[in-house]
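[1] Predicted model follows, preceded by the sequence.
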Amino acid sequence: MTAIWKRKRTEDLSKLKADKELARLSDNVLQVLASRGFRDAQSAKAVLYGELSDLHDPSLLKDADKAVKYLMQWIKEGRVFLVYGDYDADGVTSATIMTSLLRGAGARVDYWANDRFAHGYTITPDSIDAMLLKHPETEVIVTVDNGISGHAGIAHAMKLGLEVIITDHHDVGETIPECVAVVNPHQKDCPYPFKGLCGASVAFKLMHLLYFRMGLPIEHVYDTLDLVALGTVADVMPQLDENRIMIRKGFEKAMRGDRKAFSILREVLAPKTIDARSVFGFSYGPAINSIGRLDGDPSIAIELFLTDDETRMKEIATYLKTRNEDRSALTRELCEVAIEMVEKVGVKHMNVVYSPDFHEGLTGLIASRLKERYNRPFFVFTDAKGNTLKGSGRGIEGFHLKRAMDKCPETLVGYGGHAKAAGASTTLALIDSFAEKMNKFAEEELTEEDFQKVITVEIPLTPEGLTLDFIEDLRVLEPFGEAFPPPVIGLMAFQVRSEFRMGSEKQHAKLKGDSLDVIIWNDGNLYDELGRPAVIKAIGNPDINDYMGKRSVQFKADAENVRSAG
């Protein structure tokens with residue numbers, strides 16, 4: 001699909017330049033801030049310079065005070081706690097935060113996480129029974145990144161005499177499970193001012209309040225910001241408001257190696273680009289997620305962060321690396337199969353793809369790739385245990401997956417999630433009805449314009465303007481990620497002096513120019529298809545290539561965002 005290229009309008013920078021601190025920044029930086037809605041000094045400085053003192057009061061979270069009251073009571077009574085997590089990177093980091101800080105507060109506590117293939121997502125009666133077989137002394141369950149849709153499982157736990165506190169961040173249904181306390185910013189009557197928290201940051205907030213009420217050192221809570229940052233980036237939460245502060249501070253801690261596990265991950269995974277988005281989003285996060293996706297049980301990833309044994313840390317980190325490589329290869333193979341299936345039947349407004357040959361742990365990645373390719377919402381299903389089908393959905397602007405599923409629960413065995421990412425289970429007998437109804441809802445809400453890719457250039461530049469200083473200037477805007485991406489740069493009139501291929505499969509093309517290189521990512525053959533033009537234009541992002549001590553500028557662009565300028 002050919003994207004439409006647009007140029008963002010030039011904003012008036014006078015209000016920003018009137019501030020002495022902001023006036024020192026380049027016009028390019030100020031233009032990005034203004035174009036994204038931060039047009040006054042107060043909002044712009046909050047984006048750039050927020051501090052820990054600017055974090056919101058955790059007591060504003062509904063039920064946080066109640067949860068802390070009971071936690072303090074149960075710790076004093078010597079109750080046995082169990083932190084109940086999920087199988088992705090957010091689940092791993094939130095379980096680590098909650099377990100370590102409860103222990104620091106004097107609690108007797110262990111952790112448990114669902115096995116993706118044995119128990120599936122959320123809390124069920126079966127998963128509670130499995131948990132109690134391993135941890136029979138459990139008296140109190142504290143969920144992390146999990147529980148808001150686990151009505152039956154939590155009711156079962158309460159019936160067995162267990163106390164349950166839910167901490168979660170997923171969208172809330174019409175009812176919430178009945179338990180001691182529910183801490184989730186998405187509850188309709190929750191006054192917390194920022195709704196973009198992940199499971200790890202909700203755990204962090206609750207522990208911050210607990211340590212404050214108990215008079216314990218708050219610095220111990222702040223020591224977990226590296227885990228909060230990883231969970232937030234890996235779970236693709238908006239890089240806005242207080243998330244920016246927690247990611248910035250947490251990334252700094254991770255890069256300093258304050259937590260030995262992060263030093264070992266950096267050594268083993270060796271991320272090539274060192275920023276929060278690249279390290280957490282494209283290196284550590286996927287490696288941790290690979291365990292849940294391929295093995296089901298993420299417990300060793302939690303162990304990585306809780307153990308003091310450095311030899312064991314390295315063993316786990318090496319295993320994560322290997323499994324992530326396995327995951328990457330298998331995902332490429334299955335995506336090719338999925339694309340063939342879509343092309344055979346045709347693309348609809350809302351698309352449901354099923355194959356028994358897909359891997360249950362990779363349906364979300366396949367759905368994401370299909371969504372990116374066709375710019376339409378997709379659900380991908382495969383066979384799971386008990387004659388059910390499990391799937392993952394990925395959505396686009398204008399179509400809320402969770403709300404759409406709320407309209408057809410009779411076609412599903414279970415479901416949950418957000419606007420753009422969701423999970424569901426169904427059966428062979430119901431999947432066609434699910435697909436038909438979801439497509440009908442999409443036809444009512446989406447038009448052809450919603451499927452047209454539009455790329456808005458924030459800063460147009462010639463090669464001469466794309467310098468090392470320009471890239472360094474933009475770094476004041478980090479962290480980049482969901483809802484606050486890297487500035488979209490339009491490179492104009494780039495003269496190609498030579499070209500060669502890169503990558504293990506020669507899948508990337510490097511176009512060398514006078515002052516910088518352009519990398520056509522993942523589809524270097526496009527340059528041949530364009531007729532090998534001498535002059536091109538491209539949309540993408542620049543970075544610094546540091547090779548053998550020599551720093552140079554390179555500009556990365558997806559193949560679909562490169563065109564002839566001749």
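    Cool, got the structure.
[2] Check what pLDDT residue 1 gets.
    We have a pLDDT of 61 for residue 1.
[3] Tell me which stretches of the stretch 451-566 of the chain form strands.
    For the stretch 451-566 of the chain, the strands defined by DSSP state E, counting those that start in this stretch occupy 454-457, 459-461, 489-495, 498-502, 508-512, 517-521, 535-547, 550-558, 562-564.
[4] Need the winner for burial among those strands.
    strand 517-521 (a mean of 22; mean count of other C-beta atoms under 10 Å). C-beta: built from backbone N, CA, C; applies to glycine.
[5] name the helices or strands packed onto that one?
    strand 508-512, strand 535-547, strand 550-558 (3 or more C-beta pairs under 8 Å, 6 or more residues apart in numbering; DSSP states H and E).
[6] try 10 Å
    Applying 3 or more C-beta pairs under 10 Å, 6 or more residues apart in numbering; DSSP states H and E, one finds that strand 517-521 makes contact with strand 489-495, strand 498-502, strand 508-512, helix 525-529, strand 535-547, strand 550-558, strand 562-564.
[7] Quickly, which of those bottoms out on average pLDDT?
    In terms of mean pLDDT, the lowest-scoring of the helices and strands packed on strand 517-521 is helix 525-529 (a mean of 85).
[8] Can you mark which positions in that helix are buried?
    Neighbour-count burial for helix 525-529, counted by 16 or more other C-beta atoms under 10 Å, picks out 526, 527.
[9] what's the answer for stretch 19-26, then?
    For stretch 19-26, by 16+ other C-beta under 10 Å, it's 19, 22, 25.
[10] Next up, the contacts around the first one.
    When you say that, I think you mean residue 19. By C-beta atoms under 10 Å, 6 or more residues apart in numbering, the contact list for residue 19 reads 25, 30, 40, 41, 42, 44, 45.
[11] Reformat the strands of the stretch 451-566 of the chain as TSV; add distance to residue 353.
    Below are the strands of the stretch 451-566 of the chain laid out as TSV (distance: least, C-beta to C-beta, whole Å):
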stretch	distance to residue 353
strand 454-457	25
strand 459-461	38
strand 489-495	34
strand 498-502	32
strand 508-512	28
strand 517-521	25
strand 535-547	29
strand 550-558	23
strand 562-564	29
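[12] Of all those, which one comes closest to residue 74?
    Residue 74 lies closest, by C-beta to C-beta, to one member of those: strand 535-547, at 49.0 Å.
[13] Now do that closest one: which elements does it pack against?
    In terms of contacts (3+ C-beta pairs under 10 Å, 6+ apart), strand 535-547 is packed against strand 454-457, strand 459-461, helix 468-474, strand 489-495, strand 517-521, strand 550-558, strand 562-564.
[14] Columns distance to residue 71 on top of these, output as TSV?
    TSV is the format used below for those (distance: least, C-beta to C-beta, whole Å):
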stretch	distance to residue 71
strand 454-457	47
strand 459-461	49
helix 468-474	43
strand 489-495	48
strand 517-521	48
strand 550-558	47
strand 562-564	55
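[15] To residue 294, which of the ones you listed lies closest?
    Of those, the one closest to residue 294 (C-beta to C-beta) turns out to be strand 517-521, at 25.4 Å.
[16] May I have the strands that pair with that closest one, each with its orientation?
    Sheet pairing here is set by DSSP bridges, and for strand 517-521 it gives strand 508-512 (antiparallel), strand 550-558 (parallel).
[17] Could you export the helices and strands packed on strand 517-521 to JSON lines, including columns for distance to residue 66?
    Shown next, in JSON lines, are the helices and strands packed on strand 517-521 (distance: least, C-beta to C-beta, whole Å):
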{"stretch": "strand 489-495", "distance to residue 66": "49"}
{"stretch": "strand 498-502", "distance to residue 66": "56"}
{"stretch": "strand 508-512", "distance to residue 66": "54"}
{"stretch": "helix 525-529", "distance to residue 66": "57"}
{"stretch": "strand 535-547", "distance to residue 66": "45"}
{"stretch": "strand 550-558", "distance to residue 66": "48"}
{"stretch": "strand 562-564", "distance to residue 66": "56"}
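[18] Residue 428: which of these is closest?
    Nearest to residue 428, of the helices and strands packed on strand 517-521 and by C-beta to C-beta, is strand 550-558 at 36.7 Å.
[19] report the angle between the axes of the closest one and strand 489-495?
    Taking axes from the mean of the first three to the mean of the last three C-alpha atoms, to 10 degrees, one finds strand 550-558 and strand 489-495 inclined to each other by 110 degrees.
[20] Show me how far stretch 302-312 is from its chain's centre.
    Mean-position distance between stretch 302-312 and its chain equals 24 Å (C-alpha atoms, centre = their mean, to the nearest Å).
[21] same check, this time on stretch 61-76
    Centroid separation for stretch 61-76 versus its chain: 29 Å, with C-alpha atoms, centre = their mean.
[22] What residues of that stretch count as buried?
    61, 62, 63, 64, 67, 68, 70, 71, 72, 74, 75.
[23] Show me which pair in these is furthest apart.
    62 and 75 (21.9 Å).
[24] correct me, but residue 538 touches residue 489?
    Yes. Residue 538 is in contact with residue 489 according to C-beta atoms under 10 Å; the separation is 8.8 Å.
[25] joint contacts of these two?
    Contacts common to residue 538 and residue 489, judged by C-beta under 10 Å, 6+ apart, are 555, 557.
[26] Who are the contact partners of the nearest residue to residue 237 once chain neighbours are set aside?
    Excluding the flanking residues, the one nearest residue 237 by C-beta to C-beta, 6 or more residues apart in numbering is residue 198, at 4.7 Å. Residues near residue 198 by C-beta under 10 Å, 6+ apart: 89-91, 93-94, 145, 169-170, 204, 228-238, 243, 246.
[27] Out of the strands of the stretch 451-566 of the chain, which is closest to residue 140?
    Nearest to residue 140 among the strands of the stretch 451-566 of the chain is strand 535-547 (46.8 Å), distances taken as C-beta to C-beta.
[28] So what are the sheet partners of that closest one and their directions?
    strand 489-495 (antiparallel), strand 550-558 (antiparallel), strand 562-564 (antiparallel).
[29] now the contacts of residue 19 in a markdown table, with pLDDT and secondary structure?
    Output for the contacts of residue 19, formatted as a markdown table (pLDDT from 0 to 100; DSSP: H, G, I helix; E, B strand; the rest coil):
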| residue | pLDDT | secondary structure |
| --- | --- | --- |
| 25 | 95 | coil |
| 30 | 96 | helix |
| 40 | 94 | coil |
| 41 | 96 | helix |
| 42 | 95 | helix |
| 44 | 96 | helix |
| 45 | 96 | helix |
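[30] Would you map the helices across the stretch 1-150 of the chain?
    With DSSP state H, counting those that start in this stretch as the criterion, the stretch 1-150 of the chain has helices at 14-17, 20-23, 27-35, 41-49, 64-77, 89-104, 125-134.
[31] Burial-wise, tell me which of these comes out on top.
    When the helices of the stretch 1-150 of the chain are compared using mean count of other C-beta under 10 Å, helix 89-104 is most buried, at a mean of 28.
[32] CA atoms only: put it into PDB for me.
    C-alpha atoms of helix 89-104 as PDB (Å, rounded to 0.1, in the frame of the first residue of the first chain):
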ATOM      1  CA  ALA A  89       7.800  -8.800  30.000                       C
ATOM      2  CA  ASP A  90       5.400  -6.500  31.800                       C
ATOM      3  CA  GLY A  91       4.200  -9.500  33.900                       C
ATOM      4  CA  VAL A  92       7.800 -10.500  34.600                       C
ATOM      5  CA  THR A  93       8.900  -7.000  35.700                       C
ATOM      6  CA  SER A  94       5.700  -6.300  37.800                       C
ATOM      7  CA  ALA A  95       6.100  -9.700  39.500                       C
ATOM      8  CA  THR A  96       9.700  -8.900  40.300                       C
ATOM      9  CA  ILE A  97       8.800  -5.500  41.700                       C
ATOM     10  CA  MET A  98       6.000  -6.700  43.800                       C
ATOM     11  CA  THR A  99       7.900  -9.700  45.100                       C
ATOM     12  CA  SER A 100      11.100  -7.900  46.000                       C
ATOM     13  CA  LEU A 101       9.400  -4.900  47.600                       C
ATOM     14  CA  LEU A 102       7.000  -7.000  49.700                       C
ATOM     15  CA  ARG A 103       9.900  -9.000  50.900                       C
ATOM     16  CA  GLY A 104      11.700  -5.700  51.700                       C
END
